[in-house]
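Asks: sequence plus predicted model, see below.
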Amino acid sequence: MVVSVGDIVTQMFLNHSVLPKVMVIDGVTLRGSRVSDAHTNLPTHGVRTIKVDNPPATITRALVGAMDRGFKESGSTLIRVSGEEDLAALPAMILAPAGAAVCYGQPREGVVIVVVTPVVRQRAQDILQQMEVK
């Protein structure tokens, strides 16, 4: 299972005919550069779209709920964030099943791929516990 966080990472997978289970995009890359149609190669059927508000430097219950739904329901889910999706990899590492690959962009470096294990899940939980979920 693949999870993509970010417009460029999501588009990279779709361009190579890989449909992630959960995709999280916000239409922005590199802290402000607009990205148009980061999901241009998205299949026209079998993918649900959920829109959520998630302010910068925040993880909202709405975002977590949308991700949880995406993992539990059949098919793939595109989560369109109004605000910022930069921290979405953390709840993905907690909600995705063991063995899933959570993929997100590291600016000017490339793609980070984190395979979900019990240790990864615990580290993500530890980080989230230090944050306030809104």
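Replies: Cool, got the structure. Numbering: from 1, shown residues only.
Asks: any low-confidence regions in the chain?
Replies: Scanning the chain with the threshold set as pLDDT under 70 gives 30-45, 132-134.
Asks: helices of that one, start to end?
Replies: 7-15, 61-72, 89-95, 118-129 (DSSP state H).
Asks: switch these over to CSV; also include distance to residue 27.
Replies: To be clear about C-beta, it is placed using only N, CA and C from the backbone, and glycine gets the same treatment. Compiled in CSV, these are given as follows (distance: least, C-beta to C-beta, whole Å):
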stretch, distance to residue 27
helix 7-15, 6
helix 61-72, 15
helix 89-95, 17
helix 118-129, 24
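Asks: what residues are up against residue 96?
Replies: Applying C-beta atoms under 8 Å, 6 or more residues apart in numbering to residue 96 gives the contacts 1, 3, 21, 22, 71, 102, 116.
Asks: mind checking which of the residues you listed are buried?
Replies: 3, 21, 22, 71, 102, 116 (16 or more other C-beta atoms under 10 Å).
Asks: would you confirm that the third one contacts residue 3?
Replies: The reference is to residue 22. Yes. If you go by C-beta atoms under 8 Å, residue 22 and residue 3 touch, sitting 4.8 Å apart.
Asks: who touches both of those two?
Replies: Contacts common to residue 22 and residue 3, judged by C-beta under 8 Å, 6+ apart, are 92, 96.
Asks: who touches the closest residue to residue 47 other than its chain neighbours in this structure?
Replies: Counting by C-beta to C-beta, 6 or more residues apart in numbering, residue 76 is the residue found nearest to residue 47 once chain neighbours are left out, at 4.8 Å. For residue 76, the contacting residues are 19, 20, 21, 22, 23, 46, 47, 48, 70, by C-beta under 8 Å, 6+ apart.
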